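Asker: give the three-dimensional model of this entry:
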Amino acid sequence: MAPGATMLTFDGQGLTDPRMTVAPVSAIQRREELLELLRRVQALQPQRLCEIGTSSGGTLYLLTRVAPEIATIVSIDISIPAHTGRARTNLGRGAQSVRSLEGDSHDPATVERLRREL
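Answerer: Predicted coordinates:
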């Protein structure tokens, strides 16, 4: 496990970060698929990540827990309320940079914005 990374557990209701003092993080993916993704991210330690379709941000949060502390993590959504975009920037740990892009992930302009962020 990378320094500063978090061991996540599944408590039957959601994935839990032991450092959290609030309800478990909610992610809509199937438990097995999500755990496998998190294991792979933790093993690969990528410097750059992109999540398309962030919704409520549960998976985005979990990615910040297993990605390196210097990773750049970008989320893309078709629509992002201003307060949600601001809140997502606070999910990072260490020197992580967490950014939200509003746009259609199939639109070349959105892809170009993503390239600039990464």
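
Asker: tell me what the lengthiest helix in the chain is packed against?
Answerer: The longest helix of the chain (DSSP state H) is helix 31-44. Secondary-structure packing of helix 31-44 (3 or more CB pairs under 8 Å, 6 or more residues apart in numbering; DSSP states H and E): strand 15-16, helix 58-66. Every residue, glycine included, has its C-beta placed from N, CA and C.

Asker: now, of the ones you listed, which is deepest in the fold?
Answerer: helix 58-66 (a mean of 22; mean count of other CB atoms under 10 Å).

Asker: which other helices and strands does the helix or strand following it contact?
Answerer: Once helix 58-66 ends, the next helix or strand along the chain (criterion: DSSP states H and E) is strand 72-77. Contact here means 3+ CB pairs under 8 Å, 6+ apart; on that basis strand 72-77 packs against strand 48-52, helix 58-66, strand 97-102, helix 108-117.

Asker: out of the ones you listed, which gets nearest to I78?
Answerer: strand 97-102 (7.3 Å; CB to CB).

Asker: and the closest one, what other elements does it pack with?
Answerer: Using 3+ CB pairs under 8 Å, 6+ apart: strand 97-102 touches strand 72-77, helix 82-89, helix 108-117.

Asker: before we move on, the earlier item: now tabulate the helices and strands packed on helix 31-44 in CSV and tack on distance to R88 and mean pLDDT.
Answerer: Below are the helices and strands packed on helix 31-44 laid out as CSV (distance: least, CB to CB, whole Å; pLDDT from 0 to 100):
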stretch, distance to R88, mean pLDDT
strand 15-16, 18, 52
helix 58-66, 6, 90
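
Asker: R99 is nearest to which of those?
Answerer: Of all these, helix 58-66 comes closest under CB to CB, at 10.6 Å.

Asker: which strands and helices sit next to that closest one?
Answerer: helix 31-44, strand 48-52, strand 72-77.

Asker: partners of the second one, with directions?
Answerer: Neighbouring strands of strand 48-52 in its sheet, by DSSP bridges, are strand 72-77 (parallel).

Asker: run through who's touching the partner strand.
Answerer: By CB atoms under 8 Å, 6 or more residues apart in numbering, the surrounding residues in contact with strand 72-77 are 47-55, 57, 60, 63-64, 67, 88, 92, 96-103, 105, 110, 114, 117-118.
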